[in-house]
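> Just need the structure, nothing else, for what follows:
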Amino acid sequence: MNKPTDVRLTRYVAAFIAGTKFDDLPSGVVELGKKSILDGLGLALSGAVARSGELVRKHLDSLNLAAGPATVIGGNRKVAPRFAAFANGVGIHADDYDDTQLAVAPDRVYGLLTHPTAPALPAALAIGEMKGASGKDVMLAYHLGVEVECKIAEAIDPRHYQTGFHATATCGTFAAAAASAKLMELDVEATQRALSIAGSQSAGLRENFGTMTKPFHAGRSSESGVAAAQFAELGWTATDKILEAPRGFFRAAGGGFDLGAIYQRLGAPWTFADPGVSIKPHPSGSLTHPGMTEMLRLIREHKIQPQQVRRVRVGTNSNMPNALIHHRPHDELQAKFSMEFCMAILLLRGRAGLKEFTDAVVNEPDVKAMIEKVDFVVDDVAERAGYHKMTTLIDIELTDGRKISGRADFGKGSPANPMSYEEVADKFRENADFAGMRKSNADDIVELVRNLETLPSIDKLTGRLLRFD
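Numbering: from 1, shown residues only. Prediction:
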C-alpha cells in the first residue's frame, strides 16, 4: 500500500467527473451499462413490494414530505431527490439480486463486493428528473458514478472489507456524489467538495448482512451522495483531499490504498469493459453464484434427483464464508447469505428465483433436511486461486455410490459467462411481473432502455415506473 503522497488524488477524480463527456464512453461500455440499468430498474420494482419497500414508504409518509420532482419507483409518489434516491437504492438492493463489481488484483476479495448500480443509478435518476436531463445525461452520470465507485473499491486496502465495512455503502456514497455532481454541472472545485462531504457520510457494516439493513446501506449511500452534491452546490466547505489525506477515507477506512489502482486509471479502462460487472441470475449473495451455476449444470447433466443425494461438499476460499455467514437460515434474508440453502434449493427445486427465496420455503422440512446434507468448507485449491475469483468446488455423493464433481471460478452473468440484453430483459420482466406491472408496460421499458441515449428527457422512462398497475 502507498505511503503518503503528494498526488492530488481527490482533484484528479473530481476533474475526471467534471470533464468527461458522453462521447468519451466507448460504445461497448454504453451497451453494457444499459443491461445494468435495465436490471436495476427491475429490481427497484420487485424491491418496492418487499417488506422493506413497505417500511420505506411508511417512513416517507411519516416525514410529511411535500411533492417533489423525483420518482419513487413502484411507490406511486414523487419526492425530493435525496429521498427518492434512498427509496430506490433500498429497492434495488432489497433482494440482493443486483449487479456486482469484479476485481483486478488477486487480494481484492472479488472487488470488495461492491454493487455498483444500487447507489449510482438512483442518484442519477433523481437528479436527472430534477434537472430535466436527457437519457444521455443520465447515462453519463451513471457511468461516472460506477467508475468512481469501483476504482475506489479496487484501490482501498482489502482490510476495509475483511474487517467489516460494506463497500456498497462506503464506496457507493462516492458513486452517488459523482453522478449527482455531474448532472448538477458542478465545477472541479465544487465536485471535490461534494466528494469530501460524501466521504464523511461513508458508512455501513457487514454484520448487518442477512437483514434489511444491508439494502438500507445502498439506499443511504445514494441519498448521502445526493445530499453531498446539493450541499456542495450551496457552497458548503470541505477538505479538498478526502481520499488521499493521512486522515482521509482510504487510510481511516482501510489503513491504506494502492494509488496505481485509481490514479490515471479512471476510464482507462472503464470498469464495465475490464474487468467487468456481473449481473445476477439468482437473488442471493454474489459469492454463491459460481457454485449455483455449476450445481445447476451438474443437476441437469447427470439428472440428479433430490432423493439420490447423500452428501454435498462445497469448497471455497476463506473469504467467502466470511460473507456467507448463515449456515442454518431461518428466513429469506439469511438464506441469501447461505451457501447451504442455495445448494439445497437447487437440488430440490431445480431453480432459485424470487419465489424460492421466501420465509415459507426456507422453513419447509425438506429444505431444512437437504441443508443438513451440505458441508460448506474452505478448500486449499480455491484459496490458491486468489480472492479476485470466486472459485467453488462441488463434490456430490449419491446414494448409489457415484461421486460427481465440478468447479467454477465465475457464475452465469459474469463477463466470462455473460447474460445477453434479452436475458436481462427476461429477468426484468420477471421482476416487473412480481411487482404487478403489466407485460405491455414492461416491454415498453425494455425498449426505452435499449434506446436510452435517444430520449430527450428521462421523464419518459421514469413516468413508466411511477404508476404501473
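
> Buried ones in stretch 129-142, by neighbour count?
Neighbour counts over stretch 129-142 (16 or more other C-beta atoms under 10 Å) mark 129-131, 133-142 as buried. Using the backbone N, CA and C atoms, a C-beta is placed for each residue, glycine as well.

> do the same with stretch 37-53
Counting neighbours by 16+ other C-beta under 10 Å, one finds that the buried residues in stretch 37-53 are 37-50, 52-53.

> after the worst-scoring helix or strand of the chain on mean pLDDT comes which helix or strand?
Of all the helices and strands that make up the chain, the one with the lowest confidence by mean pLDDT, DSSP states H and E is helix 109-112; it has a mean of 54. Once the chain leaves helix 109-112, the next helix or strand it forms, by DSSP states H and E, is helix 117-131.

> ok, which stretches of the stretch 1-150 of the chain are helices?
Listed in chain order, the helices of the stretch 1-150 of the chain (DSSP state H, counting those that start in this stretch) span residues 9-19, 27-48, 51-62, 81-93, 109-112, 117-131, 135-155.

> Tell me which of the ones you listed lies nearest to Val312.
Closest approach to Val312 among the helices of the stretch 1-150 of the chain is made by helix 109-112 (22.6 Å; C-beta to C-beta).

> picking that back up, of the helices of the stretch 1-150 of the chain, which is nearest Asp409?
Of all the helices of the stretch 1-150 of the chain, helix 109-112 sits nearest to Asp409, with 10.6 Å by C-beta to C-beta.

> how close does Pro415 sit to Tyr161?
Distance, Pro415 to Tyr161, using C-beta to C-beta, to the nearest Å: 21 Å.

> between those two, which one's more packed in?
Set side by side, Pro415 and Tyr161 give different neighbour counts by other C-beta atoms under 10 Å, the larger being at Tyr161 (27 against 16).

> Tell me the buried residues in the host helix or strand of the more buried one?
Element membership of Tyr161 [criterion: DSSP H and E] is helix 159-162. By neighbour count on 16+ other C-beta under 10 Å, the buried set for helix 159-162 is 160-162.

> Could you do stretch 423-440 as well?
Applying a neighbour-count criterion of 16+ other C-beta under 10 Å, one finds 424-425, 427-435, 437 buried in stretch 423-440.

> can you tell me which of these are in helices?
With DSSP state H as the criterion, helices contain 424-425, 427-435 from among those.

> From those, pick the one nearest Ala80.
Using C-beta to C-beta, the shortest approach to Ala80 within those belongs to Ala435, at 23.4 Å.

> got a list of what the closest residue in space to that closest one that isn't next to it in sequence touches?
Setting aside the residues directly before and after it, Ala435 is nearest to Leu45 in space (C-beta to C-beta, 6 or more residues apart in numbering), at 4.0 Å. Residues in contact with Leu45, defined by C-beta atoms under 8 Å, 6 or more residues apart in numbering, are 73-74, 91, 431-432, 434-435, 437, 465, 468.

> one more time with 7 Å, if that's ok
Leu45 makes contact with 73-74, 431-432, 435, 437 under the criterion C-beta atoms under 7 Å, 6 or more residues apart in numbering.

> Now do the same for the closest residue to Glu223 other than its chain neighbours: its pLDDT.
Using C-beta to C-beta, 6+ apart and skipping residues adjacent in sequence, the residue nearest Glu223 is Phe86, 3.8 Å away. At Phe86 the predicted local distance difference test score is 98.

> try the one 5 residues further on
Model confidence at Gly91, expressed as pLDDT, equals 97.

> What separation is there between it and His166?
Shown here: Gly91 relative to His166, a distance of 17 Å by C-beta to C-beta.

> Neighbour count: these two, which is higher?
Per other C-beta under 10 Å, whichever of Gly91 and His166 has more neighbours is Gly91, with 33 against 27.

> Next up, the contacts around the residue nearest the centre of the chain.
The chain has His115 as the residue nearest its centroid, 2.2 Å off, counting by C-alpha atoms, centre = their mean. Remark: with contacts taken as C-beta under 7 Å, 6+ apart, His115 is in contact with 93, 98-100, 168, 218.

> Same question for Lys34.
Taking C-beta under 7 Å, 6+ apart as the definition of contact, the neighbours of Lys34 are 421, 449-450, 452.

> can you pick the most crowded of those residues?
Of all the contacts of Lys34, the most densely surrounded is Val449 (25 neighbours; neighbours counted as other C-beta under 10 Å).

> list the contacts for that residue?
Residues touching Val449, when contacts are defined by C-beta under 7 Å, 6+ apart, comprise 34, 37-38.

> In this protein, where is pLDDT below threshold?
Residues of the chain that meet the criterion pLDDT under 70 lie in 1-5, 108-113, 467-469.

> tell me the domain ranges of it?
Taking automatic domain parsing as the reference, the chain has its domains at 9-280+426-466, 286-408.

> Check those for me and report the most buried one.
Greatest average neighbour count among the domains of the chain goes to domain 9-280+426-466 (a mean of 23), per mean count of other C-beta atoms under 10 Å.

> what about it, how long is it end to end?
Start and end residues of domain 9-280+426-466 are separated by 39 Å (C-alpha to C-alpha, to the nearest Å).

> again with stretch 394-413
Using C-alpha to C-alpha, the end-to-end distance of stretch 394-413 comes out at 19 Å.

> and what of stretch 317-330?
Taking C-alpha to C-alpha, stretch 317-330 runs 25 Å from one end to the other.

> Name the residues that touch it?
Looking at stretch 317-330 with C-beta under 7 Å, 6+ apart, the contacting residues turn out to be 109, 113, 162, 206, 209-210, 285, 287-288, 334-335, 337-341, 362, 371, 376, 378, 382-383, 385, 387, 390-391.

> Give me the phi and psi for the residue sitting furthest away from the middle of the chain.
Computed with C-alpha atoms, centre = their mean, the maximum C-alpha offset from the centroid of the chain is found at Asp400, amounting to 41.4 Å. According to degrees, to the nearest 10, the main-chain angles of Asp400 amount to phi -90, psi 10.

> cool, and Val277?
Backbone dihedrals for Val277, given as degrees, to the nearest 10, come out at phi -130, psi 140.

> if you skip the residues just before and after it, what's nearest to it?
Sequence neighbours aside, Asp99 is the residue nearest to Val277 in space, at 5.1 Å (criterion: C-beta to C-beta, 6+ apart).

> which residues of the stretch 201-350 of the chain fall in strands?
277-278, 309-316 (DSSP state E, counting those that start in this stretch).

> Sheet partners, orientation included, of the longest one?
This points to strand 309-316. Partner strands and pairing direction for strand 309-316 (DSSP bridges) are strand 374-378 (parallel), strand 392-398 (antiparallel).
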